[in-house]
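S.K.: model the structure of this input:
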Amino acid sequence: MTDEQVKEILNRVLTWPRERREDAAQLLLALEAREGEFYQPDDDEWAAIEEGLAQASRGEFASADEIAALLSPPRP
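M.R.: Below you'll find the predicted structure:
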C-alpha cells in the first residue's frame, strides 16, 4: 500500500462519526504499541514445536499422499 493510499484512507476516517474515529484511533494505537514485539508461544505451543523438531531430526515426515489426504475436502 502506498503512502498516498494510506493518506486517502486516513482522510476518509476523518469523516466518520466521532465514536467510530475513536475506535479506529484505539486500534492504531494498539498496533503502534506492539511495534517490534515478537510472538511468544505458550507452553503447549513450545511443546508442539519441540516435538515437531524432534520428529524432523528423526526423519519422520508425512508422505505426499498423507498431506494430500489431509488437505482434501471431506467426503460425504
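S.K.: how about the contacts made by the residue sitting nearest the centre point of the chain?
M.R.: In the chain, the C-alpha nearest the mean C-alpha coordinate belongs to Y39, at 10.1 Å (CA atoms, centre = their mean). Contacts for Y39 were tallied using CB atoms under 8 Å, 6 or more residues apart in numbering; there are none. For the C-beta atoms, the positions are set from N, CA and C on the backbone; glycine is no exception.
S.K.: mind checking the SS state of it?
M.R.: Judged by DSSP: H, G, I helix; E, B strand; the rest coil, the three-state class of Y39 is coil.
S.K.: report pLDDT for L71.
M.R.: Note for L71: predicted pLDDT of 90.
S.K.: next: A62.
M.R.: Value for A62, per-residue pLDDT: 89.
S.K.: what's the neighbour count on it?
M.R.: 11 (other CB atoms under 10 Å).
S.K.: what helix or strand is the nearest residue to it once chain neighbours are set aside located in?
M.R.: Nearest residue to A62 in three dimensions, chain neighbours excluded: L70, at 7.6 Å (CB to CB, 6 or more residues apart in numbering). Assigned by DSSP states H and E, L70 falls within helix 64-71.
S.K.: so where does A56 fall, helix or strand?
M.R.: Per DSSP H and E: helix 43-57 holds A56.
S.K.: show residues contacting that helix.
M.R.: P41, F61.
S.K.: switch to 7 Å and redo it
M.R.: P41 (CB atoms under 7 Å, 6 or more residues apart in numbering).
S.K.: tell me the mean pLDDT for it?
M.R.: 94.
S.K.: now D23: how far from E37?
M.R.: 22 Å (CB to CB, to the nearest Å).
S.K.: higher neighbour count, those two?
M.R.: D23 (13 against 7).
S.K.: need the per-residue pLDDT for the more buried one.
M.R.: So, for D23, pLDDT stands at 94.
S.K.: what strand or helix carries it?
M.R.: helix 18-33.
S.K.: count of neighbours near V13?
M.R.: Neighbours of V13 (other CB under 10 Å): 14.
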